[in-house]
Structures are given as structure tokens and as C-alpha cells.
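K.L.:
with the input below, show me the fold.
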Amino acid sequence: MARKWNNLGSRQIKVLQLVSRVPRTVEYLIDRMSRYGAPSEIMLIISKLEQTGFCKVIDGAVNPTDHGKVVIKSPEAYQQWRKRWGMS
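P.N.:
The predicted model follows:
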């Protein structure tokens, strides 16, 4: 399910959903998402999320930022969060 309102693809959303509650290791994500592509593709997804500020890799574990946690919510909740933080 791609959400065009937040410019994220379905694989990026899947990674954020997997790490939203508990930080996961990169190896865990590669193993869990193996049906979505080769390990290099999964690493590319993680690096793009890191570049855009949706997650951080700390000690080999992918940790979502506050923005990464809220971006997977409904469009209404996301817009309220952006207004609260002065981003819109």
C-alpha cells in the first residue's frame, strides 16, 4: 500500500512498520523482507529512509525517528502532527 501523501513506497512503509515499536537489526530486516528484493535493495531502502530522516541506524539496529513513527499513521493524524511541529 503506497501512500502518495507522504512520498513513501510500500517497501519503505513496511520497514517503518517493522521498526516502529521495537528497533530491529539490519540483518533481521533483510531476512524478514527477503521476498521484497535482494539484500542490496533492502539496504538501499534503509539508507533512503535514513537520508530523509525517517530512521537512524544505531549500533546495527534501525531505530525510527519521531517523524518515522508518525508518517505511517493516517493522513489526518500525520497532518495534525506536522501542524503541531510547525512543518506545514
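
K.L.:
only C-alpha atoms from now on, for both contacts and neighbour counts.
P.N.:
Fine.

K.L.:
wait, is Val62 part of a strand?
P.N.:
Yes: assessed with DSSP: H, G, I helix; E, B strand; the rest coil, Val62 lies in a strand.

K.L.:
what comes up buried for the top helix by length along the chain?
P.N.:
Looking across the chain with DSSP state H, the single longest helix is helix 39-51. Using 16 or more other C-alpha atoms under 10 Å as the test for burial, helix 39-51 gives 39, 42, 45-47, 49-50.

K.L.:
rebuild the residues you listed as a markdown table, extending it with pLDDT and distance to Met87.
P.N.:
Putting the buried residues of helix 39-51 into a markdown table (pLDDT from 0 to 100; distance: C-alpha to C-alpha, whole Å) gives the following:
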| residue | pLDDT | distance to Met87 |
| --- | --- | --- |
| Pro39 | 90 | 34 |
| Ile42 | 92 | 29 |
| Ile45 | 94 | 24 |
| Ile46 | 94 | 23 |
| Ser47 | 95 | 23 |
| Leu49 | 95 | 18 |
| Glu50 | 96 | 19 |
